[in-house]
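**Student:** Next input, structure requested:
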Amino acid sequence: MKPLVSIIIPAYNAAATLPATINSALQQLSNEYDIEIIIVNDGSTDNTAEVLGSFKEQCAIITTTNQGVSAARTTGLKHAKGGYIQYLDSDDLLIPGKIKQQLDALIDSQADIAYCDWQKFTQKDEEIAITETITKQINGDPIIDIFTNFWCPPAALLYARKIVDKISWNPNLPIIQDARYLLDAAISGGKIVYTPGVQAQYRTQQNNSLSQRDNLAFTKDCFINAKELYTLWEHDIKTDAAKKDALINVLRNCITEFSIKDKTLFNQAINLLLKISPGYIPAQPGIHQSLSRLLGFKNAEKIASFKRKLTK
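**Tutor:** I've put the predicted structure just below:
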């Protein structure tokens, strides 16, 4: 029996970009495996439904009230029959041959997740402009690198169903839920394999992309993520320096952003960092380190916050 790959596309007010996205999925057809395309219309108010009508013979279309992208992906997964899962956002593209290359890699290496190189692009009228090619690979401990440093869009990933069935989409993280999903797969023991070459394209200028226009909202998600991982790793960090340092690094980034925009979260992030590392002193030499030694990290951050606001 040939493998079945389920391509799940959540769509909200995506009429302008859906045809190209669906066609890029249809171009993954192969004699070596089967595909099913499941599109979840998440309560769109534009003409997404009309656009989807043109693809009803080739795709399974599910219409729901608006519940957000995590719920839409979860709905799509509930209807998916495949042993392999390709999540694809409604404005992104798969390069021809993408699924074949990653499916072969998953089967040959008995891995759970495949990831590839990818490109950022913009589009004006019919003209697509590539703005960046990302060839970054996961380094060291996948859990630490995914938490602190590595990201790729869902289009660049292919999951085996056996790992997907162990995890779920986190509704508390409206912006970074895809990063957390990959992280949870790694935490659940998922084996990750890299497939070289550009195999996915990520659209960067869509107005409905919250993560691209609201850095404070993105940082709030990162803080929630850090708090959840602290709960998960609370006992580990007593002996695992890598996890402890990862949490501190993420929290310091949150503190910097919150210091300008949200005083309450600024204090909460500092308090969590000091709970993880009482008496924390920044390792990097400089005035912040000196002030932390003299006044304590919290007071040093308050001074730094004042300076950031003046120079903002």
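**Student:** domain ranges for the chain?
**Tutor:** What automatic domain parsing lists as the domains of the chain is 4-209, 214-311.
**Student:** Which residue ranges of this protein form strands?
**Tutor:** 4-11, 34-42, 60-64, 84-87, 93-94, 113-124, 127-134, 157-160, 192-203 (DSSP state E).
**Student:** so what does the second one touch, helix or strand wise?
**Tutor:** Using 3 or more CB pairs under 8 Å, 6 or more residues apart in numbering; DSSP states H and E as the contact criterion, the elements in contact with strand 34-42 are strand 4-11, helix 18-26, helix 48-53, strand 60-64, helix 69-79. Where you see a C-beta, it was placed from the backbone N, CA and C, and this is true even at glycine.
**Student:** Looking at those, which is nearest to residue 235?
**Tutor:** helix 69-79 (28.2 Å; CB to CB).
**Student:** Now do stretch 195-206: everything it contacts.
**Tutor:** Around stretch 195-206, the neighbours that count as contacts under CB atoms under 8 Å, 6 or more residues apart in numbering are 17, 91-95, 97-98, 101-102, 105, 114-123, 130-131, 133, 152-153, 155-156, 212.
**Student:** Buried only: go through those for me.
**Tutor:** Buried members of the contacts of stretch 195-206, scored by 16 or more other CB atoms under 10 Å, are 17, 91-95, 98, 101-102, 105, 114-121, 123, 152-153, 155-156.
**Student:** report the longest helix in the protein, please.
**Tutor:** helix 241-261 (DSSP state H).
**Student:** Which neighbouring elements make contact with it?
**Tutor:** In terms of contacts (3+ CB pairs under 8 Å, 6+ apart), helix 241-261 is packed against helix 142-148, helix 215-233, helix 263-276, helix 297-311.
**Student:** quick revisit: need the strands of the chain in TSV with distance to residue 249 and mean pLDDT, can you?
**Tutor:** Listed next are the strands of the chain as TSV, based on distance: least, CB to CB, whole Å; pLDDT from 0 to 100:
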stretch	distance to residue 249	mean pLDDT
strand 4-11	31	98
strand 34-42	34	98
strand 60-64	38	98
strand 84-87	27	98
strand 93-94	33	98
strand 113-124	22	95
strand 127-134	21	94
strand 157-160	24	98
strand 192-203	21	98
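**Student:** Pull the distance from stretch 56-72 to the chain's centre.
**Tutor:** Offset of stretch 56-72 from its chain centre (CA atoms, centre = their mean, to the nearest Å): 20 Å.
**Student:** do stretch 46-62 as well
**Tutor:** With CA atoms, centre = their mean, you get 26 Å for stretch 46-62.
**Student:** Please apply the same query to stretch 295-306.
**Tutor:** Distance of stretch 295-306 from the chain centroid (CA atoms, centre = their mean) equals 32 Å.
**Student:** same thing with stretch 137-155?
**Tutor:** Averaged C-alpha coordinates place stretch 137-155 at 10 Å from its chain's average position (CA atoms, centre = their mean).
**Student:** And for it, what's in contact with it?
**Tutor:** 87-89, 92-94, 115-116, 118, 134, 136, 178-179, 182-183, 186-187, 192, 194, 200-202, 225, 229, 242-243, 246, 249-250.
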